[in-house]
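Student: quick one: sequence and predicted model below, then my questions.
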Amino acid sequence: MGPAAVLDLYRAKGWTIATAESCTGGMVGAALTDIAGSSDVFERGFVTYSNAAKTEMLGVGADTLQAHGAVSEEVAREMAEGALTHSPAQVAVSITGIAGPGGSEHKPEGRVCFAIAGQGATLTETVDFGALGRTKVRRAATDHAIALLAIRASA
């Protein structure tokens, strides 16, 4: 399901969306706002690339970052829940990952953690897209976040 269909689902429910993005740098927000009329559904986006931004803008705990690292489901959860706390949106999706190049044995290139909060329990997941290259990992992460938004609105 594409961004236009997601916007239609949220519009029909009267819900708005916030995004909390790290490795995608605002690509989910851009995909949604590429659609004319998206302003009634897309409330705001947080691009929190640095750990300091995650803490200052979204309230991600320094202890969470220390214990789990920025690329973790725990941080993704706090990012999504923080986006809800710092906005009037009903649903928030977050993304934090390693787009590449690089990575480590424990957190390889292409690993991306997601969370979706609001209108039900916060759900988290990790997807290993593989070492596709920076552009393809970011695009795949964007598409996956939009799919998570669709699933939440369809539930």
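Tutor: Yep, it's here. Residues are numbered from 1 along each chain as shown.
Student: which residues touch Y10?
Tutor: 16-17, 41, 91, 149, 153 (C-beta atoms under 8 Å, 6 or more residues apart in numbering). Yep, even glycine has a C-beta here, placed from its N, CA and C like the rest.
Student: ok, now with 6 Å
Tutor: Residues in contact with Y10, defined by C-beta atoms under 6 Å, 6 or more residues apart in numbering, are 41, 153.
Student: may I have the helix or strand harbouring it as CSV, with CA atoms only?
Tutor: Element membership of Y10, judged by DSSP states H and E, is helix 3-13. Taking C-alpha atoms only, helix 3-13 is exported to CSV below (Å, rounded to 0.1, in the frame of the first residue of the first chain):
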residue,chain,number,x,y,z
PRO,A,3,1.5,6.7,0.9
ALA,A,4,-1.7,8.0,-0.8
ALA,A,5,-3.7,5.0,0.4
VAL,A,6,-2.3,5.3,3.9
LEU,A,7,-3.3,8.9,4.0
ASP,A,8,-6.8,7.9,2.9
LEU,A,9,-7.0,5.3,5.7
TYR,A,10,-6.0,7.8,8.3
ARG,A,11,-8.2,10.5,6.9
ALA,A,12,-11.2,8.1,7.1
LYS,A,13,-10.5,7.4,10.8
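Student: neighbouring strands - and their directions - for the next helix-or-strand element following that helix?
Tutor: Using DSSP H and E, the helix or strand that follows helix 3-13 in sequence is strand 17-21. The strands beside strand 17-21 in its sheet (DSSP bridges) come out as strand 42-47 (parallel), strand 91-97 (parallel).
Student: re earlier: mind listing what's buried along the helix holding Y10?
Tutor: With burial defined by 16 or more other C-beta atoms under 10 Å, the residues of helix 3-13 counted as buried are 3, 6-10.
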